[in-house]
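K.L.:
coordinates only, sequence not included:
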C-alpha cells in the first residue's frame with residue numbers, strides 16, 4: 001500500500017481478484033440456487049409470491065445497512081483509521097460501535113413496523129394485480145423474512161469495516177452465504193414443512209433467514225484477525241456519527257428511489273400472466289451475476305482506495321485509479337452485454353431447464369434477459385461512478401441524478417409495456433418492456449454521472465476511455481455476429497453444446513480482434529501473463 005493506506009493499481013487488481021472470486025462463487029451458487037428453486041417449484045404463483053415478498057426485506061437491508069450505510073461509513077471510518085494517533089484506533093472503533101448499535105436498533109424498529117403494517121401495505125402497493133390468496137401468501141412471507149433485516153444490519157456493517165481495513169477475503173466468502181441458506185431451504189426445509197411432492201414455499205423464507213445468519217457468522221473470524229474492538233454503544237454523540245448520518249441521508253434517499261423502481265416493476269408484473277414475476281426476477285439475477293463478475297468486485301475493491309486518496313487530497317492518484325478502472329470495466333462489459341444477448345436462450349436452458357421448469361419458462365426468462373443485458377455497461381459504470389462521488393463525501397449528486405432516472409424509468413416502463421411483447425404470452429410477455437426501460441435509463445444515468453464527475457475533477461482521461469470503449473464495441477459487435485452464426489449451426493446439438501461453442505468462439509474472436517485493434521487493456525493482460533514484452 002502507499003503511505004496513505006491507498007492501494008496501487010496493481011494492488012487494486014489483486015484485491016479485485018479476491019472479491020471477484022467471491023462474486024463468482026456467489027454467482028455460481030446463485031445459479032445453482034435458481035436452478036434448485038426452479039426445479040422444485042417451477043414458474044408459478046407461489047414462487048411469484050416469494051420473489052415479490054423478498055423485495056421488502058432486501059430493500060430495507062440495502063437502505064438501512066447495506067449500500068447506504070457502507071458507502072457513508074467507509075470514507076469516515078477510513079479517515080479515522082488514517083488520522084487516529086492512538087495505535088489502537090480507539091476513536092475509529094468507538095465510531096464503528098455506535099454506528100453498528102444504531103443501525104441494528106433502526107433495523108429492528110423498521111422491521112416491527114413493517115410486520116404490523118404488512119397486511120395493509122403488501123396487497124395495496126406490492127402485488128395489487130394478484131388474487132387474494134397470493135396477496136395473503138406474499139404478506140406472510142414478508143413478515144417472516146423481515147428478521148433478516150436485523151441480522152444484515154450488523155453483518156453488512158462488518159463487511160464495511162473489513163473492507164476499510166483492505167481485508168476482502170471474509171466479505172467475499174459472505175457473499176455466498178445467502179445462496180447457501182436458500183438452497184438448504186429449498187432442498188431440506190421446504191419438503192419438511194410440506195411434502196416431497198408438494199414442498200412448502202415457506203421453506204425458502206426460512207432458508208433466507210439461515211442465509212443471513214451464515215452471512216454474519218462467516219465474517220466473525222475477520223474481526224478477530226484485525227483485532228476489532230466492537231461493543232454495544234448507543235450514542236448519537238460519538239465523534240463521526242453525525243457525519244456518517246449526514247452522508248447517509250441522501251444515500252438512503254437514492255437507494256429508496258432504486259427500490260421504488262423494483263416495487264413498481266413488481267406491481268406491473270403482478271397483473272401479467274402467471275410466471276412473469278419469476279421470469280423477470282430470474283433474468284435480473286442472471287444479469288446481476290455477470291455484473292458481479294464484471295463490475296461489483298472492482299467497485300468494492302477500489303472504493304476504500306478512492307476514499308483514502310480523496311481524504312489525503314491526492315487527486316492525481318484519484319483520477320489515475322478511476323480512469324484505469326473505467327477503461328477496464330468497459331473493455332469487459334461491452335462484450336459481456338453482446339454475448340449475453342446472443343446466448344440468453346442456451347444459457348437459461350442449460351442452467352434451469354429441469355424438473356418443474358419447462359421450455360416456456362426458459363424462453364420467457366431469455367426474452368427478459370436479452371433486454372436486461374443491454375444495460376450491463378451502464379450498470380458497470382454506475383458501480384464505480386457512484387462510489388467515486390461517495391469517496392468525495394458527495395452523496396447528493398448520485399441521488400438527484402437517480403431521482404431523474406427513476407422518473408424516466410417509470411415513464412418508459414408505462415410506455416414500453418404497451419408495445420413490447422404480447423400481454424397474453426409468457427414466452428414474449430410485456431415484462432420485457434420493464435427490462436428495456438431499466439437498461440436505457442441506466443445507460444443515461446451512467447453517462448450523466450460521468451459527465452458531472454469529469455467536470456468536477458478536471459477530467460478522467462475521457463478521450464482515452466472513449467477510444468478504448470469504441471474499439472471494444474466494434475470487437476464486441478463482430479464477436480456477436482460470429483457467435484450468432486455459430487449458434488444457428490449448432491443449435492440442434494443441445495443447449496450445453498450451443499452455449500459452450502458460442503462461449504469459446506466468442507472469447508477467441510473478441511480477444512483476437514482486441515489485439516488487432518490495439519486495445520490497451522489487452523496488452524496489459526498479455527503482459528501480466530508474460531505473453532508480450534514491455
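P.N.:
Nice, thanks for sending it over. From a predicted model like this one, the values you see are computed outputs, not experimental measurements. Numbering: from 1, shown residues only.
K.L.:
my guess is residue 522 meets residue 515, correct?
P.N.:
Yes: between residue 522 and residue 515 there is a contact at 5.5 Å, judged by Cβ atoms under 8 Å. The way it works is simple: take the backbone N, C-alpha and C, and place the C-beta from them, glycine included.
K.L.:
In terms of neighbours, single out the busier of the two.
P.N.:
residue 522 (23 against 14; other Cβ atoms under 10 Å).
K.L.:
The strand or helix carrying residue 157 packs against which elements?
P.N.:
Per DSSP states H and E: residue 157 is located in helix 147-164. In terms of contacts (3 or more Cβ pairs under 8 Å, 6 or more residues apart in numbering; DSSP states H and E), helix 147-164 is packed against helix 45-64, helix 67-83, helix 90-121, helix 169-174, helix 202-217, helix 220-225, helix 297-312.
K.L.:
now, of these, which is deepest in the fold?
P.N.:
Comparing the helices and strands packed on helix 147-164 by mean neighbour count (mean count of other Cβ atoms under 10 Å), helix 297-312 ranks first with a mean of 25.
K.L.:
List the buried residues of the next helix or strand after that helix.
P.N.:
Downstream of helix 297-312, the first helix or strand assigned by DSSP H and E is helix 315-342. For helix 315-342, a neighbour-count test (16 or more other Cβ atoms under 10 Å) marks 317-342 as buried.
K.L.:
ok so, going back, in TSV, list the helices and strands packed on helix 147-164 along with mean pLDDT and distance to residue 161.
P.N.:
Shown next, in TSV, are these (pLDDT from 0 to 100; distance: least, Cβ to Cβ, whole Å):
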stretch	mean pLDDT	distance to residue 161
helix 45-64	78	16
helix 67-83	70	7
helix 90-121	87	6
helix 169-174	81	9
helix 202-217	93	13
helix 220-225	89	7
helix 297-312	70	11
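K.L.:
Residue 201 contacts residue 190, doesn't it?
P.N.:
Yes: contact criterion Cβ under 8 Å: residue 201 and residue 190 qualify, at 7.1 Å.
K.L.:
Can you pull out the low-pLDDT segments for the stretch 301-450 of the chain?
P.N.:
Residue ranges of the stretch 301-450 of the chain with pLDDT under 70: 301-303.
K.L.:
For the helix holding residue 157, what does the pLDDT average out to?
P.N.:
Helix 147-164 shows a mean pLDDT of 85.
K.L.:
report the angle between the axes of that helix and helix 202-217?
P.N.:
Orientation of helix 147-164 against helix 202-217 (axes from the mean of the first three to the mean of the last three Cα atoms, to 10 degrees) gives an angle of 30 degrees.
K.L.:
now the nearest residue to residue 503 once chain neighbours are set aside: how far from residue 248?
P.N.:
Distances taken as Cβ to Cβ, 6 or more residues apart in numbering place residue 343 nearest to residue 503, at 7.0 Å, with adjacent residues excluded. Residue 343 sits 40 Å away from residue 248, going by Cβ to Cβ, to the nearest Å.
K.L.:
When those two are compared, which one has more neighbours?
P.N.:
Neighbour comparison, residue 343 and residue 248: the larger count goes to residue 343, with 26 against 23 (by other Cβ under 10 Å).
K.L.:
show me what contacts that one?
P.N.:
Shown in contact with residue 343 (Cβ atoms under 8 Å, 6 or more residues apart in numbering): 483, 487, 498-499, 502-503, 506.
K.L.:
which pair in those residues spans the largest distance?
P.N.:
Using Cβ to Cβ, the two most remote members of the contacts of residue 343 are 498 and 506, lying 12.1 Å apart.
K.L.:
Can you get me the start-to-end distance on stretch 195-206?
P.N.:
16 Å (Cα to Cα, to the nearest Å).
K.L.:
And for stretch 157-174?
P.N.:
12 Å.
K.L.:
go on, stretch 347-361?
P.N.:
13 Å.
K.L.:
picking up where we left off before, for residue 491, see how far away the residue nearest to residue 503 is.
P.N.:
11 Å.
K.L.:
Please identify every residue contacting each of the two.
P.N.:
Joint contacts of residue 343 and residue 491 (Cβ under 8 Å, 6+ apart) are residue 498.
K.L.:
For residue 195, grab the count of nearby residues.
P.N.:
10.
K.L.:
what secondary structure does it sit in?
P.N.:
coil (DSSP: H, G, I helix; E, B strand; the rest coil).
K.L.:
again with residue 453
P.N.:
Following three-state DSSP, we place residue 453 in the helix state.
K.L.:
pLDDT value on the residue positioned nearest the centre of the chain, please?
P.N.:
Against the mean C-alpha coordinate of the chain, by Cα atoms, centre = their mean, the closest residue is residue 288 at 5.7 Å. Here, the pLDDT recorded for residue 288 equals 78.
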